[in-house]
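Visitor: Got a predicted structure plus its sequence, pasted below:
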Amino acid sequence: MNALAATSRNFRQASRLLGLDSKLEKSLLIPFREIKVECTIPKDDGSLVSFIGFRVQHDNARGPMKGGIRYHPEVDPDEVNALAQLMTWKTAVAAVPYGGAKGGIGCSPGDLSSSELERLTRVFTQKIHDLIGTHTDVPAPDMGTNAQTMAWILDEYSKFHGHSPAVVTGKPIDLGGSLGRDAATGRGVVFATESLLAEHGKSISGSTFVIQGFGNVGSWAASLIHERGGKVIAIGDVTGSIKNNNGIDVPALIKHKTGGGALKDFSGAEAMDSKDLLVHECDVLLPCALGGVLNKENAPHVKAKFIVEAANHPTDPEADEILAKKGVVVLPDIYANSGGVIVSYFEWVQNIQGFMWDEEKVNMELKKYMNNAFNNIKHMCKSHDCNLRMGAFTLGVNRVARATLLRGWEA
Ligand SMILES: NC(=O)C1=CN([C@@H]2O[C@H](COP(=O)(O)OP(=O)(O)OC[C@H]3O[C@@H](n4cnc5c(N)ncnc54)[C@H](OP(=O)(O)O)[C@@H]3O)[C@@H](O)[C@H]2O)C=CC1
Ligand SMILES: O=C(O)CCC(=O)C(=O)O
């Protein structure tokens, strides 16, 4: 099932549990605006290359639309649409005053030089600058983009609209970024995992973890799990996968990767087949890369007791059903990875206030938001006798529906 069909199916299921009117349901599902732009740039050798950029603005009933920008070859309109919709429910679950959006460019960032990436980002920004803004739609990093990408967007946008630090979040600290934003998604994943494990009488220390993806989210999650005494026993990325049943030395792996080494060449672990990674024996599986990686083919073989969805929509609905029958507890993306957008909200607030928080305050507030959301999801699970995914969806959808009804449709 493609990402949009899967996300819409989860939404409809939540809508039924909430008893939403079918016309309201339809209005919540249709995106506010879909943008598709051509981005042609000269490559470093002078030849021209064209890409397609997307920004889907899904909903703004609760506030400015918010969501990352992804650079990846698999970016397509349906995928961006699904990710934008997920952002709407995610910001509502997190109780931050935003709607949802997502953007992306179908490209392989690893094949482009830094100056080509800069040109591409600037052209994309030129094409969408009048449709984003501090109080309309605020982009942030996602797969294949980072603080530098946000700096280029900020600079290009500011040429048209004057200096506008709050038009993007996840930017470098020197340009008004928030302390703690770089780590925030991974840190939020760890707070979420702590809450989930505590519910089951377990803790991070003494549990084993398998992680797919060792970029921003995966590496921060691994590092903070290691710091808390958890054992990360297998990790994979595009280059391959590695395992060590005694626990991978995560700081040493980060040093190896920062020094330019490929994950698969790390000497402190042995190589494993990447197709075995998601079905490797462990307590907690953390998908931190692409969507749709857990499907009906591999779900029957998953051995983890818990799956914490650090990536967006890593679990296909068919896999969800199989995992539920096996008793695997799945903590859904729209809660598990919300730490990023929560600290993006703190960054935006700091920019608007013109005041910078210290990192301790950022992390403390993040924990408060994550814990509140977890308790609210559990409450919805009880009220609607449903699993954690539906608990999160009913929480998010209900908040957006209430805001939409309060605003009304009078022309
Ligand atoms: N960044 C953020 O704040 C947030 C991110 N997310 C979600 O988290 C996920 C990861 O994002 P982020 O960490 O920012 O992205 P990054 O680009 O920083 O890292 C992505 C990681 O995934 C790996 N990867 C890509 N394709 C595959 C594959 N086919 N098999 C195995 N590994 C793969 C990459 O490998 P390699 O390094 O070798 O290319 C890299 O390690 C995405 O789903 C994103 O939407 C959710 C909320 C916020
Ligand atoms: O920080 C943000 O604004 C959005 C992060 C994001 O894209 C996501 O949560 O999927």
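Guide: Ah, there it is. Ligands and ions are numbered 1, 2, ... in the order given.
Visitor: Now do the buried residues in stretch 395-408.
Guide: Of all the residues in stretch 395-408, those buried under the rule 16 or more other C-beta atoms under 10 Å are 395-401, 403-404. C-beta coordinates here come from the backbone N, C-alpha and C atoms, glycine included.
Visitor: what's the nearest residue to whichever residue of the stretch 201-350 of the chain sits closest to ligand 2 if we skip its chain neighbours?
Guide: Nearest to ligand 2, among the residues of the stretch 201-350 of the chain, is residue 344, at 3.3 Å (C-beta to the nearest ligand atom). Sequence neighbours aside, residue 169 is the residue nearest to residue 344 in space, at 3.7 Å (criterion: C-beta to C-beta, 6 or more residues apart in numbering).
Visitor: Point out the residues in the protein that sit beside ligand 2.
Guide: 66-68, 90, 140, 142, 169-170, 312, 337, 340-341, 344 (C-beta under 6 Å from any ligand atom).
Visitor: out of the residues you listed, who has the most neighbours?
Guide: residue 67 (33 neighbours; other C-beta atoms under 10 Å).
Visitor: how about that residue, what does it touch?
Guide: 83-84, 87, 100-103, 139-140, 142, 341 (C-beta atoms under 8 Å, 6 or more residues apart in numbering).
Visitor: can you list those in TSV and add secondary structure, pLDDT and distance to residue 206?
Guide: Shown next, in TSV, are the contacts of residue 67 (DSSP: H, G, I helix; E, B strand; the rest coil; pLDDT from 0 to 100; distance: C-beta to C-beta, whole Å):
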residue	secondary structure	pLDDT	distance to residue 206
83	helix	98	35
84	helix	98	39
87	helix	98	34
100	strand	98	37
101	strand	98	40
102	strand	98	37
103	strand	98	40
139	strand	98	39
140	strand	98	34
142	coil	97	33
341	helix	98	30
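Visitor: now for those residues, which pair is the farthest apart?
Guide: 103 and 341 (14.2 Å; C-beta to C-beta).
Visitor: and of the buried residues of stretch 395-408, the nearest to ligand 2?
Guide: residue 396 (12.6 Å).
Visitor: Quick check: closest non-adjacent residue to the closest one.
Guide: residue 89 (3.4 Å).
Visitor: need the contact list for that neighbour.
Guide: 11, 100, 334, 392-393, 396-397, 400.
Visitor: From those residues, pick the one nearest residue 43.
Guide: Scanning the contacts of residue 89 for proximity to residue 43, where the rule is C-beta to C-beta, the winner is residue 100, at 33.7 Å.
Visitor: I figured the closest one hits residue 80, correct?
Guide: No. Here residue 100 does not reach residue 80: they are 11.4 Å apart, not a contact under C-beta atoms under 8 Å.
Visitor: per-residue confidence at the residue in the stretch 151-300 of the chain that ligand 1 sits nearest to?
Guide: Using C-beta to the nearest ligand atom, residue 215 is the residue of the stretch 151-300 of the chain that sits closest to ligand 1, at 1.7 Å. pLDDT for residue 215: 96.
Visitor: show me the contacts for it.
Guide: 143, 237, 288-289.
Visitor: Quick one: these as a markdown table, columns for pLDDT and neighbour count too.
Guide: A markdown table is the format used below for the contacts of residue 215 (pLDDT from 0 to 100; neighbours: other C-beta atoms under 10 Å):
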| residue | pLDDT | neighbour count |
| --- | --- | --- |
| 143 | 96 | 23 |
| 237 | 97 | 22 |
| 288 | 98 | 29 |
| 289 | 97 | 20 |
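Visitor: what comes up buried for the helix or strand containing residue 226?
Guide: Using DSSP states H and E, residue 226 sits within helix 216-227. Under the neighbour-count criterion of 16+ other C-beta under 10 Å, helix 216-227 has 216-226 buried.
Visitor: Just the closest residue of the protein to ligand 2, please.
Guide: residue 68 (2.6 Å).
Visitor: what is that residue paired to in the beta sheet?
Guide: Residue 68 has these beta-bridge partners by DSSP bridges: residue 140.
Visitor: Just the pLDDT at it, thanks.
Guide: Reported pLDDT for residue 68: 98.
Visitor: ok, it touching residue 138?
Guide: No. If you go by C-beta under 8 Å, residue 68 and residue 138 don't touch, sitting 10.3 Å apart.
Visitor: Residue 250: what's it in contact with?
Guide: Counted by C-beta under 8 Å, 6+ apart, residue 250 has contacts 222-223, 225-226, 232.
Visitor: go again using 6 Å as the cut-off
Guide: Residue 250 makes contact with 222-223, 226, 232, according to C-beta atoms under 6 Å, 6 or more residues apart in numbering.
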